[in-house]
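Visitor: Compute the structure for the input listed below.
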Amino acid sequence: MPQVNRRLALATAALLCIGTAQAQSWPTKSIRAVVPFAAGSATDQIGRAFAEKMSATLGQPIVIDNKPGANGMLGADIVAKAPADGYTILVGTNSTNAALKFLMKQLPYDQDKAFTPVGFLGSVPLMVAVNNDVPAKTLKEFVDLAKAKPGQVSFAYASTSQQVSSEMLASMAGITMNPIPYKAGPAAMTDLIGGQVNMFSADFGVTVPQHKAGKIRGLAVTSMKRSAAVPDLPTVNEALGLKDYELIAYFAVFAPAGTPPEIVNKLNAAINAAAAAKDLQDKFQAIGFAIDPGTPDALAKRNQAETVKWAKAIRDAKIEPQ
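Guide: Numbers count the residues shown, from 1 in each chain. Prediction:
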């Protein structure tokens, strides 16, 4: 072997040994978990609960860093451009990792190549809810109201799932509504309760407590089947006599592309250990969050399928990229 090639081979081997040793000793400091939505959102609630359990497994704190804005794009961009060393991870959703590239004319990162899938957390339906002063007791009555006042009925949204679920509903029901964007789901909920907007289709983590407290009126859920969390509410399909309406929000952990497999596997094991904790399961059962852990490869395949699904949903809802 020529001298130069031998030196390159030795240098490469040395770097691989260093990388393996670092991955084996990882983590040696706190981990930053970027939540691309506001404190109090469903993503934030789920991210914090998992982070607490994962910290115990990994032996280092996982610090939640809320970076809301642009349907999750701002937080996702931070992680996409972070060092691939396992110390910055993303609590991602269908917004950040499946739908955004169909909603934005241009992203500051390649959504399909910027992230390494780590582990699936779970999924949750949305609730279609209205302000208590809206004169509609059922979703059918709300649709009739919107038909009688085209463009005068407003809906709030602060994430892709909230926007797409509302636009899909409008398209399939043949109505026109006025979209009102918000930076954060809790702020949108505050305005729904206050009557500044008429309707809000949002994650159970945000809607179920307010519905059960009587502060808003839930009309339907966006899943194919009724939810045990709010069994009194029909599905959108039931309420409107439809067959194909379904929209489920999902949550998963991603790391920057190039993160060493050994680190990804340690993070995945911590996620799965958290998912097995009974107190965490009990906490989220009340809001209909279905915990569904798995391998990094399973998440990669699921996310590819979800990307196709969300592309169709956005296209069918006739949402133009911004």
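
Visitor: Can you name the element that comes right after the longest strand along the chain?
Guide: Ranked by residue count under DSSP state E, the longest strand found in the chain is strand 115-130. Sequence-wise, the next helix or strand downstream of strand 115-130 (DSSP states H and E) is helix 139-148.

Visitor: For that following helix, buried residues please.
Guide: Neighbour-count burial for helix 139-148, counted by 16 or more other C-beta atoms under 10 Å, picks out L139, K140, F142, V143, L145, A146. Just so you know, the C-beta spots here come from the backbone N, C-alpha and C atoms, and that holds for glycine as well.

Visitor: show me what contacts the closest residue to M73 other than its chain neighbours?
Guide: Closest residue to M73 in three dimensions, ignoring its sequence neighbours and counting by C-beta to C-beta, 6 or more residues apart in numbering: L100, at 5.8 Å. Residues in contact with L100 (C-beta atoms under 8 Å, 6 or more residues apart in numbering) are N71, G72, M73, A76, L107, Q111, T160.

Visitor: which element is L100 on?
Guide: Using DSSP H and E, L100 sits in helix 100-103.

Visitor: Can you dump the C-alpha atoms of that helix in CSV for me?
Guide: Output of helix 100-103 as CSV, limited to C-alpha atoms (Å, rounded to 0.1, in the frame of the first residue of the first chain):
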residue,chain,number,x,y,z
LEU,A,100,-44.8,21.6,5.3
LYS,A,101,-43.1,21.2,1.9
PHE,A,102,-46.6,21.2,0.3
LEU,A,103,-47.7,24.3,2.2
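
Visitor: mind listing what's buried in that helix?
Guide: Across helix 100-103, burial judged by 16+ other C-beta under 10 Å covers L100, K101, F102, L103.

Visitor: Could I get the phi/psi values of the closest residue to R48 other than its chain neighbours?
Guide: For R48, ignoring the flanking residues on the chain, the nearest one in space by C-beta to C-beta, 6+ apart is I64 at 5.5 Å. When read as degrees, to the nearest 10, the backbone of I64 gives phi -80, psi 130.

Visitor: still on that earlier bit, need the contacts of L100 in CSV (columns: secondary structure, neighbour count and distance to Y182).
Guide: Output for those, formatted as CSV (DSSP: H, G, I helix; E, B strand; the rest coil; neighbours: other C-beta atoms under 10 Å; distance: C-beta to C-beta, whole Å):
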residue, secondary structure, neighbour count, distance to Y182
N71, helix, 26, 11
G72, helix, 28, 13
M73, helix, 23, 15
A76, helix, 28, 18
L107, coil, 17, 21
Q111, coil, 20, 23
T160, helix, 25, 13
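
Visitor: hey, what's the residue minimising distance to the centre of the chain bridged with?
Guide: Centroid-nearest residue in the chain: T93, 2.6 Å away (criterion: C-alpha atoms, centre = their mean). Per DSSP bridges, residues listed as beta-bridge partners of T93: F251.

Visitor: Enumerate every residue touching it.
Guide: T93 is in contact with P36, F37, T43, G72, S159, T160, S161, A249, Y250, F251, A252, counting by C-beta under 8 Å, 6+ apart.

Visitor: Let me know the pLDDT of it.
Guide: T93 is assigned a predicted lDDT (pLDDT) of 94.

Visitor: Return, as residue ranges, the portions of the chain with sub-threshold pLDDT.
Guide: Counting by pLDDT under 70, the chain contains low-confidence ranges at 1-23.

Visitor: would you list every one of the helices in it?
Guide: For the chain, applying DSSP state H gives helices covering 3-25, 42-58, 73-80, 94, 100-103, 139-148, 160-173, 185-194, 204-212, 236-240, 261-275, 278-285, 296-316.

Visitor: Distance to R226 added to those, as CSV?
Guide: As requested, the helices of the chain are exported to CSV (distance: least, C-beta to C-beta, whole Å):
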stretch, distance to R226
helix 3-25, 45
helix 42-58, 19
helix 73-80, 32
helix 94, 21
helix 100-103, 29
helix 139-148, 13
helix 160-173, 17
helix 185-194, 22
helix 204-212, 13
helix 236-240, 8
helix 261-275, 24
helix 278-285, 15
helix 296-316, 21
